[in-house]
Every structure is written in structure tokens, then in C-alpha cells.
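In: need a 3D model of the sequence below.
(2 chains)
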Number of protein chains: 2
Amino acid sequence: MPANVFLGACLPKLSRVAVCGGTHGNELSGVYLIKELMKRRREADDEEQPILVLSNPRAAQQCLRYIEVDLNRCFSHDALNAPLSDSAPYEVIRSREINAVLGPKGSADSVDFICDLHNTTANMGLCFISCSDSDWISLHIFKYLQLCIPDIPMRYLHFDLSHDEAYSLDSVGKHGFAMEVGPQPHGVVRSNVYTTMKTALELVLHWIRLFNCGTVFEGGPVDVFTLVKHVDYPRDCSTHDIVAAIHPLLQDKDFCLLNPGDPVFQTFSGETITYNGSESLYPFFINECAYYEKGIAFSLSRKSRVNVPSLRANRDQSR
Amino acid sequence: MPANVFLGACLPKLSRVAVCGGTHGNELSGVYLIKELMKRRREADDEEQPILVLSNPRAAQQCLRYIEVDLNRCFSHDALNAPLSDSAPYEVIRSREINAVLGPKGSADSVDFICDLHNTTANMGLCFISCSDSDWISLHIFKYLQLCIPDIPMRYLHFDLSHDEAYSLDSVGKHGFAMEVGPQPHGVVRSNVYTTMKTALELVLHWIRLFNCGTVFEGGPVDVFTLVKHVDYPRDCSTHDIVAAIHPLLQDKDFCLLNPGDPVFQTFSGETITYNGSESLYPFFINECAYYEKGIAFSLSRKSRVNVPSLRANRDQSR
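Out: Purely as a prediction, here's the structure:
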């Protein structure tokens, strides 16, 4: 076999890249980072830079997650293509605007890569959320960041949805992910969380430049967490109020293995409720503020190892 | 001097006591603790128990700090006695209802003691906030809790306001304080914070029972932090957006001495801004979520020592 035969994957260059922040208007690291990048853009006027989008400006202005409906649930193929009524919620209209700029989703015209900036009250560290566990671009970026900033807890989380079904903003691009950084209270910016997000985003963009310049990235194994199910709080049958909080032994233990019988809730009168599943799984989004209304106290995932092939950009790309 | 002469302070018994939660509807430890106490009350029907008030039920229902205006700024003498227009905000109307039940503020009919439950995103531990540094009842309760739960960081914070000027709900009572527990994101309940609040409240009510039974409490020195001033975030002149976050070296360092020249902010482009005051002071409410809109990044206080006299209840009280 000749030495110059490349046995990995070859993918098109990532010519059009977008960074979005404020998809949830009270997740402030993303809001202030996108505003900072926009300010620098005005000063530098560098055309090689990514497209910058403040996704939900009204929600950001009012420091709310959303005005009428959750913008980050508006980007499935069906949602983007349903008839638009006169009384459509603000975020539904906004999702069409974003799809017009960065999409249309699923078309050849969609941007090559989207990084959507998010924060969580959960102790998630730096988490990449994608609807695919075989997007070699996203997995290689994750692998690169693990190498560059090994002291930051970092995971790749996979929501097993088809590209059509995927409802999050990042699914408008050909590749991409939500970059979720926590813990940070909504409506608050913590400088350590902001700096982690800023550093990670710079490395993502640096990887893309390296890739576009023809760098060959070595393959290898990557651990991926795949969503299995959501778990709601224990609730009062009549009022639907929650009657327990996350147990102190589970709080902040995102991505630490949860075994059958482990404590998961502590009721407001002091009793412990244990995990009654039959399989040990990895919890995440533990006590995320925005998920109380969605009926999610935490989610559970299964860990698997994906073998990522070596990767380089197509050499003779004419685009 | 005969051994049975009591040289301390004698004060009337605390016959009517109120516990309020949900004065800010998204401070969830207080919301769920008051609901839990109400539930237990229905089950036990014990008349000796305190009056329980869910202060802002509409805000609690929607998990917001307030609906129209901040309820905990509506209880100054002037605010409570101003003419009430037809278009008065919900919280202004609600403050009158609460004043009718627990007050009227400043009158002989007002309740003897109010404990108002709050949470903060700041690393305040367990903090008692009062408009007086000579309310022997509140100071003795604080002293008692320090003794009972020495492993919980605990401070007494004094906002130097006359009883008339004091705008917080607890000022409706003859004695009382806000019990502020953090850090906890608004819209989230953390079981450790909930448990701290529950334990502290039980000890407050236990102290009141001991006091009413004639227990003599020894006096002694108590450290009190008195508000000196508030410090706002650096802001953009035209947009009024903040341009910096609390510096990582100040974040979570509530009640740790801040010296001139110490870092206080980190701009979103990475520069450090230092404290340019001339006096070393104690910061608190560092990065409190609700204070972004009030223009407060943190507040500064001076520490002093108050000599609290020994205390017992009047023996021949007929009330």
C-alpha cells in the first residue's frame, strides 16, 4: 500500500460557519459572548470571520428564556415548513428568519457549520450536544478540544434524532452542535463560565481553519453519551407542584454513573427517593432551571465508544 | 448586688409570629418551605404555630420575581399609606393586604416577629438582613443559631434605615428579618439550600418558644455588617449593557475583605478592573441575579461589633 493513500474520511471544507448566542435570552455567557464578537467585528471588519447571530434579541433584551415559545424547539423540518398563521408566536417567526439566513435546513445552501452557545444551571462542564454520533466534523472538534484544554470537564452528548426531526437551531447547518456550559444561573454571567465558552469557541474556529487548510486529523476512539430517557420530579397529584428536590448526593453529579438504588430525590419533608431503574446510566441536566416546566428533573444516558476515522478536507473542492 | 437582679434587657413576649415565603416568586427554597409548612399545618391543625404567608402567590405561580413591581420594596411607611389608584400594580395591592394581616406597620396591632424567607444567587451562606443593629431579639436569635449550627457560614447584615423608611416585608412586624440563603439559582431549588433554610427556621421558632417560656439568654459581642454602598457593573454608555462580569477572584467571596487595588471585574474582552475605593470593606450580594436591573454588581459593608445585652421576656405580661 503506498504511503500517500489516505484511508480516513474526506469531507468538504467548512466555508460558511455561523456562531449563534442568545437562542435562550437569559443564558448570559452566550448573549455577552456573541455581543462581544459583534463589537470586535465592527472594529476589525474581517470578512473571513463566521456569521454572528443574536438568535432571540427580544428575549435577550428582557433577559427571558423566550417570549412566547422555546425558540430552540422550532427547527424541525416539519416546524419550519408548516403554514405560518398571522398569530404565529414571535419565536416561530424568528425561526423562519434564522432559517432564511443560515438554511434552508436540509438544502445545499445551508451553512456548513453552526455552533450555538448555551448555558445551564446543571454542573455539565463543557458539553457538546448533537443529534448525530457519526458527524465526524463535530466529533473531531470535540476530540481536538479535549486535547487542547484537558483540565475542563468535557462531554459529547447525542440526542438520537434524524436530521429532519432535530428541533434545535444548530440542526439548520450541515454540521454543528449546541455548546452547553455550566453551572451558571440563568440571568447571571459568571466570568469562569464565560471564559470557558470563549476559549472553547476560539478553539472550535481554530480547528475549522486548520481543517480548511488541509490538516489531517488522526482518528481514534471518542466516548459519546446517548440520551435514553428523561425523569420528572415527584409531583402532587392535584396541584402538580413538585414535592421533592434533587437529592444532595445526586446534585452536581452530572455524568457520574447512577446505579439502581442510589438516592435521586429528597422530598420537602425529608424522605429519600431512590432510583428504581434496572440499568446503571449516566445522568445529565440535573436540576436544570428551564426544565421544571418541561417535566424533567434530570435525563439519563448510556455511554458508548465511537471509533472516529481520520479526517481531512477534500483537496479539489471548487465551491 | 443581689444574685436575682437581672441587669439585661426585658422585652415583651413574642406572641404573634409570622413566617413569609415567596415574597420573590422565583426564590424557590422559600416558596417550597412555606408550602410544606402550610401542608403540615393542615394535617396537624396546631394553633400555637406561626402565621404562614405565601407573599406573592401570582409571582410564585409563574416562577417570577414579581409580576409588576418588586413586592419587597413596597413596605415603607410612605408606600403603605400613599393613595391607591385603580391602576395600582398587583404587588402594591398585595402589600396592603399583607399589611392588613400582619400590621398595620408601626402600630400596636402589628405582629411581634416576621421571618421572611429569601434566596440569592450570591454565595451568602445564611444571612440575616435587618434594618436595625439594636434589635436585641433578632441579634439574640442570630447568636443562638451561630451556636447551634456553627458549620454554616452565617452573618448579620444591617441596612441602616429607620423603621418607617424600611421597605422590606419583614419591617411590618415589631421585630424580624429577611433570612437570605444562597447560592441558589432563581427558579431552582437545591436540597442543601432548602435544608439549611428549614433547619434555620426551626431554630428561630425554637428560640422564640424558649424566650416566651422565660429563658434568660446571655449577652455578648455580635459581629454586624452594615451596608455602606452599592457598586454597579461597568456599562456601555450608549446601550447601557454591562461590559464586564464579576472578576473570578471576587466571585463567591461574599463577606471576604476587599482591599483597594483588588480585582473586581473582568471585561468581556479580558481586562481586569480593580477596586478603586480608599477603604477596605466587605462585599456581599456579589453577582445577585435580580440586581442586574437595579444596577448593583455587589454591595459593600463595614464590619463592627455590637455588644448585645442579656435578654429575657417580661414576666408579668398580660397580652
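In: let me know the pLDDT of the closest residue to chain B within chain A.
Out: With CB to the nearest CB as the measure, A:Pro185 is the residue of chain A nearest to chain B, at 3.3 Å. Where you see a C-beta, it was placed from the backbone N, CA and C, and this is true even at glycine. Listed pLDDT for A:Pro185 reads 98.
In: the closest residue to it other than its chain neighbours: what secondary structure?
Out: Among residues not flanking A:Pro185 along the chain, B:Pro185 sits closest, at 3.3 Å (CB to CB, 6 or more residues apart in numbering or on different chains). With DSSP: H, G, I helix; E, B strand; the rest coil as the basis, B:Pro185 sits in coil.
In: correct me, but B:Pro185 touches B:Thr121?
Out: Yes - counting by CB atoms under 8 Å, B:Pro185 does reach B:Thr121; the two are 5.8 Å apart.
In: pretty sure A:Pro245 sits in a helix.
Out: Wrong residue type there; residue A:245 is Ala, not Pro. No - applying three-state DSSP, one finds A:Ala245 to be strand, outside a helix.
In: wait, it touches A:Ser269, no?
Out: No - assessed by CB under 8 Å, A:Ala245 is found out of contact with A:Ser269, at 11.5 Å.
In: these two: which is more packed in?
Out: A:Ala245 (27 against 11; other CB atoms under 10 Å in any protein chain shown).
In: name all residues that make contact with the more buried one.
Out: Listed by CB atoms under 8 Å, 6 or more residues apart in numbering or on different chains, the contact partners of A:Ala245 are A:Tyr233, A:Phe265, A:Gln266, A:Phe268, A:Asn287, B:Tyr32, B:Val189, B:Arg190, B:Ser191, B:Tyr194.
In: measure it to A:Leu117 for me?
Out: A:Ala245 sits 28 Å away from A:Leu117, taking CB to CB, to the nearest Å as the criterion.
In: got it, and A:Asp252?
Out: Counting by CB to CB, the separation of A:Asp252 from A:Leu117 is 22 Å.
In: residues from the stretch 101-250 of chain A in reach of chain B?
Out: A:121, A:183, A:185-192, A:194-195, A:241-242, A:245-248 (CB under 8 Å from any CB of the partner chain).
In: and those, which of them are buried?
Out: A:121, A:183, A:185-192, A:194-195, A:242, A:245-248 (16 or more other CB atoms under 10 Å in any protein chain shown).
In: the residue sitting nearest the centre point of chain A - nearest residue in space that isn't next to it in sequence?
Out: In chain A, the C-alpha nearest the mean C-alpha coordinate belongs to A:Ala178, at 2.1 Å (CA atoms, centre = their mean). The spatially closest residue to A:Ala178, leaving aside those adjacent along the chain, is A:Ile129, at 4.3 Å (CB to CB, 6+ apart).
In: pull the CA atoms of the helix or strand encompassing that neighbour into PDB?
Out: Assigned by DSSP states H and E, A:Ile129 belongs to strand A:125-130. The C-alpha trace of strand A:125-130 is given here as PDB (Å, rounded to 0.1, in the frame of the first residue of the first chain):
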ATOM      1  CA  GLY A 125     -19.000  21.500  32.400                       C
ATOM      2  CA  LEU A 126     -18.400  22.000  28.700                       C
ATOM      3  CA  CYS A 127     -20.900  19.800  26.800                       C
ATOM      4  CA  PHE A 128     -21.400  19.400  23.100                       C
ATOM      5  CA  ILE A 129     -24.900  18.400  22.100                       C
ATOM      6  CA  SER A 130     -25.600  16.900  18.700                       C
END
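In: partner strands of that strand, parallel or antiparallel?
Out: The pairing partners recorded for strand A:125-130 under DSSP bridges are strand A:154-158 (parallel), strand A:175-182 (antiparallel).
In: to A:Asn276, which of these lies closest?
Out: Proximity to A:Asn276 (CB to CB) singles out strand A:154-158 among the strands paired with strand A:125-130, at 23.8 Å.
In: does the residue lying closest to A:Tyr282 once chain neighbours are set aside have beta-bridge partners, and which?
Out: Spatial nearest neighbour of A:Tyr282, excluding adjacent residues (CB to CB, 6+ apart): A:Ser301 at 4.7 Å. Following DSSP bridges, A:Ser301 is listed with bridge partners A:Leu227, A:Tyr282.
In: how about the contacts made by A:Ser301?
Out: So A:Ser301 contacts A:Leu157, A:Phe225, A:Thr226, A:Leu227, A:Val228, A:Leu281, A:Tyr282, A:Pro283, A:Phe284 (CB under 8 Å, 6+ apart).
In: surely the third one meets A:Ser134?
Out: No - with contacts counted by CB under 8 Å, A:Thr226 stays clear of A:Ser134, the gap being 11.8 Å.
In: higher neighbour count, the two?
Out: Neighbour count, other CB under 10 Å: between A:Thr226 and A:Ser134, A:Thr226 has more, with 16 against 12.
In: find me the pLDDT at the more buried one, would you?
Out: 98.
In: again, but for the one 10 residues further on
Out: We have a pLDDT of 95 for A:Asp236.
In: still on that earlier bit, enumerate every residue touching the residue nearest to A:Ala178.
Out: A:Leu157, A:His158, A:Phe159, A:Ser168, A:Asp170, A:Phe177, A:Ala178, A:Glu180.
In: for those, which one is nearest B:Asn72?
Out: A:Glu180 (32.9 Å).
In: strands of the stretch 151-300 of chain A, start to end?
Out: Using DSSP state E, counting those that start in this stretch, the strands found in the stretch 151-300 of chain A span residues A:154-158, A:175-182, A:220-231, A:244-246, A:263-267, A:272-274, A:282-284, A:298-308.
In: most neighbours per residue, which of those?
Out: strand A:175-182 (a mean of 27; mean count of other CB atoms under 10 Å in any protein chain shown).
In: so how far is that strand off the chain centroid?
Out: 3 Å (CA atoms, centre = their mean, to the nearest Å).
In: end to end on stretch A:74-86, go ahead and measure it.
Out: Using CA to CA, to the nearest Å, the end-to-end distance of stretch A:74-86 comes to 17 Å.
In: find the nearest non-adjacent residue to A:Leu311, please.
Out: Using CB to CB, 6+ apart, the nearest residue to A:Leu311 is A:Phe217, at 4.7 Å.
In: these two touch, right, the one you found and A:Phe211?
Out: Yes - with contacts counted by CB under 8 Å, A:Phe217 reaches A:Phe211, the gap being 7.2 Å.
In: need the overlap of contacts for the two.
Out: Common neighbours of A:Phe217 and A:Phe211 (CB under 8 Å, 6+ apart) are A:His140, A:Leu311, A:Arg312.
In: return the member of the residues you listed nearest to B:Thr23.
Out: The closest of the shared contacts of A:Phe217 and A:Phe211, once distances to B:Thr23 are taken by CB to CB, is A:His140, at 50.8 Å.
In: wait, a strand at the closest one?
Out: No - assigned with three-state DSSP, A:His140 falls outside any strand and is helix.
In: what sits against it?
Out: Contacts of A:His140 by CB under 8 Å, 6+ apart are A:Trp207, A:Phe211, A:Phe217, A:Val308, A:Leu311.
In: those residues in helices, which ones?
Out: A:Trp207, A:Phe211 (DSSP state H).
In: and stretch A:260-279, how far out from the chain middle?
Out: 28 Å.
In: returning to that earlier point: report pLDDT for the residue nearest to A:Ala178.
Out: pLDDT, read off for A:Ile129, is 98.
In: what's across from it in the sheet?
Out: A:Leu157, A:Ala178.
In: ok, and does the helix or strand bottoming out on mean pLDDT in chain A reach over to chain B?
Out: Every helix and strand in chain A was compared by mean pLDDT, DSSP states H and E; the lowest is helix A:28-44, with a mean of 92. Yes - using CB under 8 Å from any CB, we find that helix A:28-44 touches chain B at A:Tyr32, A:Leu33, A:Lys35, A:Glu36, A:Arg40.
In: in that helix, what counts as buried?
Out: A:Leu28, A:Ser29, A:Gly30, A:Val31, A:Tyr32, A:Leu33, A:Ile34, A:Lys35, A:Glu36, A:Leu37.
In: that'll do, ta.
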